[in-house]
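>>> sequence unknown, structure follows:
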């Protein structure tokens, strides 16, 4: 089983499994072997809603559980890579809203790919929403 995995890994990444380095820049047109930070403090993720067309009050709203876990993983990869630009922009599909968001970790914003609306996002380690109001 391991030799089969090693063969597929090399096909996908262009790197032999026994020589792979997590977080190394990917070879052209190949997959990247991500480094993640594990075992640290789990963060909670929030987006700031302002002037909602459906009338929700302005304020910080928590990500749903699945999207929070996904963005937390992406954030861990971004931090582990020492904020590599290639990992700063990722796409997340919300199962609750049905929208896809472009998450820009370098600017801590999310953009709805359908409407183009951009909102601030924040990670907290207290589980509580951020205490500031973005401009």
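Nice, thanks for sending it over. Since the model is a prediction, treat every value here as computed from it, not as a measurement.

>>> how about the residue lying closest to residue 56 once chain neighbours are set aside, phi and psi?
In this structure, residue 56 finds its nearest non-sequential neighbour in residue 49, 5.8 Å apart by Cβ to Cβ, 6 or more residues apart in numbering. Where you see a C-beta, it was placed from the backbone N, CA and C, and this is true even at glycine. Note on residue 49: its backbone torsions stand at phi -100, psi 130 [degrees, to the nearest 10].

>>> For this protein, just list every one of the strands.
Counting by DSSP state E, the chain has strands at residues 44-49, 59-62, 89-93, 100-104, 109-112, 118-124.

>>> Looking at those strands, which is nearest to residue 25?
With Cβ to Cβ as the criterion, residue 25 lies closest to strand 89-93 of those, at 15.8 Å.

>>> Centre of the chain to the closest one, how far?
Relative to its chain's centre, strand 89-93 lies at 6 Å (Cα atoms, centre = their mean, to the nearest Å).

>>> In terms of secondary structure, what does it contact?
helix 65-80, strand 100-104 (3 or more Cβ pairs under 8 Å, 6 or more residues apart in numbering; DSSP states H and E).

>>> any residues touching the last one, and which ones?
The one in question is strand 100-104. 71, 74, 88-94, 109-114, 121 (Cβ atoms under 8 Å, 6 or more residues apart in numbering).

>>> Now the two most distant members of these.
88 and 114 (21.4 Å).

>>> The two - which one has more neighbours?
residue 88 (15 against 10; other Cβ atoms under 10 Å).

>>> Next, count neighbours for the nearest residue to that one once chain neighbours are set aside.
Leaving aside its chain neighbours, residue 88 sits nearest to residue 106 (4.0 Å; criterion: Cβ to Cβ, 6+ apart). Neighbour count of residue 106, defined by other Cβ under 10 Å: 12.

>>> now, which of the contacts of strand 100-104 sits nearest residue 19?
Using Cβ to Cβ, the contacts of strand 100-104 come closest to residue 19 at residue 74, 25.7 Å.
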